[in-house]
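> curious how this folds, go ahead:
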Amino acid sequence: MPLLQSLDKLHTTELGVGRIKKNLFLDVNDVVKWCREKILNSDAIIVRRGKNWYIDIDDCEIAVNEYSYTIITAHKI
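Below you'll find the predicted structure:
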């Protein structure tokens, strides 16, 4: 799967960090590392819709742009 093969490219913006922390009530220093670990979890369900990958894991959904590997947002399901 292209997403899993390119996790070293995974990143987000400053605004993305704030949005993800707020939406998921996270208190972590490295949001990208947290998301990467969730994506690598064997229970993660990864689907591509349009130009984004959507990863469902542990009652949350993470959205990643297919081309830039930018974590756009994440929210509780």
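> what does stretch 25-43 rub up against?
3-4, 7, 10-12, 16-17, 20-21, 44, 46, 55, 57-58, 60, 62, 64, 71, 74 (Cβ atoms under 8 Å, 6 or more residues apart in numbering). All C-beta atoms are positioned from the backbone trio N, CA, C, and that covers glycine.
> quick one, helices of the chain?
Per DSSP state H, the chain carries helices over the ranges 2-5, 14-24, 31-40.
> the closest residue to residue 59 other than its chain neighbours and residue 39: what is the separation?
Leaving aside its chain neighbours, residue 59 sits nearest to residue 77 (5.3 Å; criterion: Cβ to Cβ, 6 or more residues apart in numbering). For residue 77, the distance to residue 39 (Cβ to Cβ, to the nearest Å) stands at 15 Å.
> returning to what we had before: among the helices of the chain, show the one with the smallest mean pLDDT.
Mean pLDDT is lowest for helix 2-5 out of the helices of the chain, coming in at a mean of 91.
> coming back round to it: tell me which of residue 77 and residue 39 has more neighbours.
Using other Cβ atoms under 10 Å, the more surrounded residue of residue 77 and residue 39 is residue 39, with 19 against 8.
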